[in-house]
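A.B. asks: below: sequence and its predicted model.
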Amino acid sequence: MKIVIAEKPSVARELAKVFGANQKKAGYIEGKGYSFTWAFGHLLQLAPPQDYGFYGWKQQNLPMLPQKFKLAIRKIKTKDGMVEDPAVRKQLDVIKMLFDECTEIIVATDAGREGELIFRYIYYYLKCKKPFKRLWISSQTDEAIKGGFRNLKPGTDYDTLFNSAHCRSESDWLVGMNATQALSISAGNKSVLSLGRVQTPTLAMICSRYLESKNFVPEIYFQVAIQLSKEGQLFRAISTVNFKSKEAAQAILDQVLDLANGHSLGGHIKSVEAKAKKEPPPLLHDLSSLQQEANRKKGYTADQTLGILQNLYESKLVSYPRTGSRFIGDDVFATVPDLIAKFTNHPQFGKQATFLTTQKLNKRSVNAKKVTDHHAVLPTGENAGYLSEDKQAVYDMVVGRMLEAFHKECLKETTKIIITSGTDFVANGTVIQSAGWRSVFNDDDDEKKDEDNATLPKVIKDENLDITNKAILEKQTKPKPLYTEATLLKALETCGKDIEDEELRYAMKESGLGTPATRASIIETLIKREYIGREKKNLVPSKKGLAVYDVVKDKKIAQAELTGQWEKRLEEIRSGASVKDFKAEIADYTKTITQELLAAGTSLYNVLKEV
DNA sequence: GCAAGGTC
């Protein structure tokens, strides 16, 4: 008997199906000489400080540097405090029973660092000695699964991957647990002041943006606007330069040759420039982009969207939600035409789905190399039936995006007209010539272009037009907006760096803060600690959050770059570098940050009393 | 009472 262990039940079921195994038992599926079982993500975690004798939160315990880390069954919160999760305990018993009676283990956890760690923690916790092989596939189609089983890798091929995962896990514990206790203790031990490699840089981003905005001094400036008429069709143009004073703007306004002051044909067309623009469809959704859209359009929090999607996934309506990929492989793409055909009767999208069934599909979102553990979020095509309002909304975002992604480019024509009347004025216009993918939701660029004319009349160079109106516009410079959950999620992907280019952003994914599966919970943690709060859609730091930020802002633990530095070292470990050096550096850093925080937190003491 | 990571 061989046992196959997957990261989650859905994958185990899929594998069993391909093998034709169908005897359902408690916690596994049996058949054809195999047993298919599963974890539920991490069943085991690094044991808490008290398991090493560090009782209470005391300065003399710090820094806590366990000689050898222990593993403990994942805990859940109950009214009696933290207790072992009974479902986890039960599943571990099943896995132990299967490990004991099997001849070989096939590791089918997700093909990545954490997937490896999930299995190894179970294997070592159960003190298992059975041989194991690794299934390494990045797509769940029958073909990919069969191919993967024909091509199982020796388990030891992934020892270095485990090493890097293990280092990540222990390092986060060392830095996070010690820094948290150190700051909490030195600030008077009144409340939990948590710190960590991911949450603290995230807090820093929110605080620094808030302070930047609060301290922003707006500058007033003036523009001159004119309205022109071409055979009765009116359009607006704005001065090409801004003016610091109202007087300067007034002087320019006075020079405008408008009708009211007896000038006809006072606007001279200096140039007309028309450009065709192609806008490719957006990529398919990954979890983060979906959370951003749901926050923007419906105001859902990242956590709510994740919950809704998980629900849709469990109802088998959408594919795996915690994905970081916005692409699908060619094998999945082959199933897309049938999938689209399932939505031809959809009340909102039916027309576009029907149209697409007759078209060659856009392949922008098809790239097997960019599919990591999981592909982009797609509907499964199962009949949805009645859904609650929020589920329907998120489901429609998934379906709608699928139709957009495989749709035609949107073709636009942008026009720029320069008009002279005393000074130069510019009028911009954009006309959609072929909506393409934009016809799915029928909404144009949300916020953009309040100064754009939707359409401009046809004018030619050196033509003269009447100026029917003129005015001075008073404007102010604006600070960068506060973070919303949508903009924060986007910023976390690139460590707070503003990168608009979609392809470039993608290349930076590896060095982002947190992972798709954890970002919602990072935001929730900061809220639970009362570091930040929600004000409408904005994430706003509290006094407490700002006080913590003030203590840590110049330290490494508050820098997003820390994750980048770790990732570089972890990748070296994965390709065979020694773990000893990295562990020593982490231990050193743990000692340093603990000392620093034990000294620094006293400044928080008084602030927290006021809070 | 703590991290970050996974998932029901």
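C.D. replies: Cool, got the structure.
A.B. asks: for A:Tyr605, which non-adjacent residue is spatially closest?
C.D. replies: The shortest distance from A:Tyr605 to any non-neighbouring residue, by CB to CB, 6 or more residues apart in numbering, is to A:Gly188 (4.9 Å). Placement of C-beta: from N, CA and C, glycine included.
A.B. asks: residues in contact with the helix or strand encompassing A:Gly564: which ones?
C.D. replies: Element membership of A:Gly564 [criterion: DSSP states H and E] is helix A:561-574. Defining contact as CB atoms under 8 Å, 6 or more residues apart in numbering, one finds that helix A:561-574 is touched by A:113, A:160-161, A:163-164, A:167-168, A:171, A:197-198, A:201, A:495, A:510-513, A:556, A:577, A:579, A:582.
A.B. asks: just the ones in helices from the residues you listed, please.
C.D. replies: Those of the contacts of helix A:561-574 mapping onto helices are A:Arg113, A:Thr160, A:Leu161, A:Asn163, A:Ser164, A:Cys167, A:Arg168, A:Ser171, A:Pro201, A:Val579, A:Phe582, per DSSP state H.
A.B. asks: sorry, back to before: mind checking how far the residue nearest to A:Tyr605 is from DNA strand B?
C.D. replies: Using CB to the nearest atom of the strand, to the nearest Å, one obtains 9 Å as the distance from A:Gly188 to DNA strand B.
A.B. asks: help me confirm that that residue is found in a helix?
C.D. replies: No: assessed with DSSP: H, G, I helix; E, B strand; the rest coil, A:Gly188 is coil; it does not lie in a helix.
A.B. asks: circling back: out of the ones in helices among the contacts of helix A:561-574, what pair is the most spread apart?
C.D. replies: A:Thr160 and A:Pro201 (27.3 Å; CB to CB).
A.B. asks: more neighbours: these two, which one.
C.D. replies: A:Pro201 (25 against 17; other CB atoms under 10 Å).
A.B. asks: about what we covered before: contacts with DNA strand B among the ones in helices among the contacts of helix A:561-574, please.
C.D. replies: Restricting the ones in helices among the contacts of helix A:561-574 to those near DNA strand B by CB under 7 Å from any atom of the strand leaves A:Arg168.
A.B. asks: of the ones in helices among the contacts of helix A:561-574, closest to A:Thr455?
C.D. replies: Distance to A:Thr455 across the ones in helices among the contacts of helix A:561-574 (CB to CB) is lowest for A:Pro201, with 45.7 Å.
A.B. asks: surely that closest one meets A:Ala560?
C.D. replies: Yes: under the criterion of CB atoms under 8 Å, A:Pro201 makes contact with A:Ala560 at 4.3 Å.
A.B. asks: just the buried residues of the helix or strand harbouring A:Ile340, please?
C.D. replies: Per DSSP H and E, A:Ile340 falls inside helix A:336-341. Of the residues in helix A:336-341, those buried by neighbour count under the rule 16 or more other CB atoms under 10 Å are A:Val336, A:Leu339, A:Ile340.
A.B. asks: make JSON lines out of the residues you listed and add pLDDT and distance to DNA strand B.
C.D. replies: Output for these, formatted as JSON lines (pLDDT from 0 to 100; distance: CB to the nearest atom of the strand, whole Å):
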{"residue": "A:Val336", "pLDDT": "95", "distance to DNA strand B": "23"}
{"residue": "A:Leu339", "pLDDT": "95", "distance to DNA strand B": "22"}
{"residue": "A:Ile340", "pLDDT": "96", "distance to DNA strand B": "26"}
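A.B. asks: circling back: tell me the mean pLDDT for the helix holding A:Gly564?
C.D. replies: In this model, helix A:561-574 has an average pLDDT of 92.
A.B. asks: could I have the CA atoms of that helix written out in PDB?
C.D. replies: C-alpha atoms of helix A:561-574 as PDB (Å, rounded to 0.1, in the frame of the first residue of the first chain):
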ATOM      1  CA  GLU A 561      13.600  45.400   2.400                       C
ATOM      2  CA  LEU A 562      14.200  42.900   5.300                       C
ATOM      3  CA  THR A 563      11.900  40.400   3.500                       C
ATOM      4  CA  GLY A 564      13.900  40.900   0.300                       C
ATOM      5  CA  GLN A 565      17.200  40.300   2.100                       C
ATOM      6  CA  TRP A 566      15.800  37.100   3.700                       C
ATOM      7  CA  GLU A 567      14.400  35.900   0.500                       C
ATOM      8  CA  LYS A 568      17.700  36.200  -1.200                       C
ATOM      9  CA  ARG A 569      19.400  34.200   1.500                       C
ATOM     10  CA  LEU A 570      16.600  31.600   1.500                       C
ATOM     11  CA  GLU A 571      17.000  31.200  -2.200                       C
ATOM     12  CA  GLU A 572      20.700  30.500  -1.800                       C
ATOM     13  CA  ILE A 573      19.900  27.900   0.800                       C
ATOM     14  CA  ARG A 574      17.500  26.300  -1.600                       C
END
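A.B. asks: for burial, what's the neighbour tally of A:Leu183?
C.D. replies: As a burial measure, A:Leu183 scores 26 neighbours (other CB under 10 Å).
A.B. asks: what's the pLDDT at it?
C.D. replies: Per-residue pLDDT puts A:Leu183 at 96.
A.B. asks: who's in contact with it?
C.D. replies: Contact partners of A:Leu183, counting by CB under 8 Å, 6+ apart, are A:Leu193, A:Leu195, A:Val548, A:Val551, A:Val552, A:Leu597, A:Ala600, A:Gly601, A:Leu604.
A.B. asks: in CSV: the buried residues of helix A:336-341, plus distance to A:Phe149.
C.D. replies: Shown next, in CSV, are the buried residues of helix A:336-341 (distance: CB to CB, whole Å):
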residue, distance to A:Phe149
A:Val336, 25
A:Leu339, 26
A:Ile340, 31
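A.B. asks: ok, of the residues you listed, which one's closest to A:Ala520?
C.D. replies: Among these, A:Leu339 lies closest to A:Ala520 (CB to CB), at 27.1 Å.
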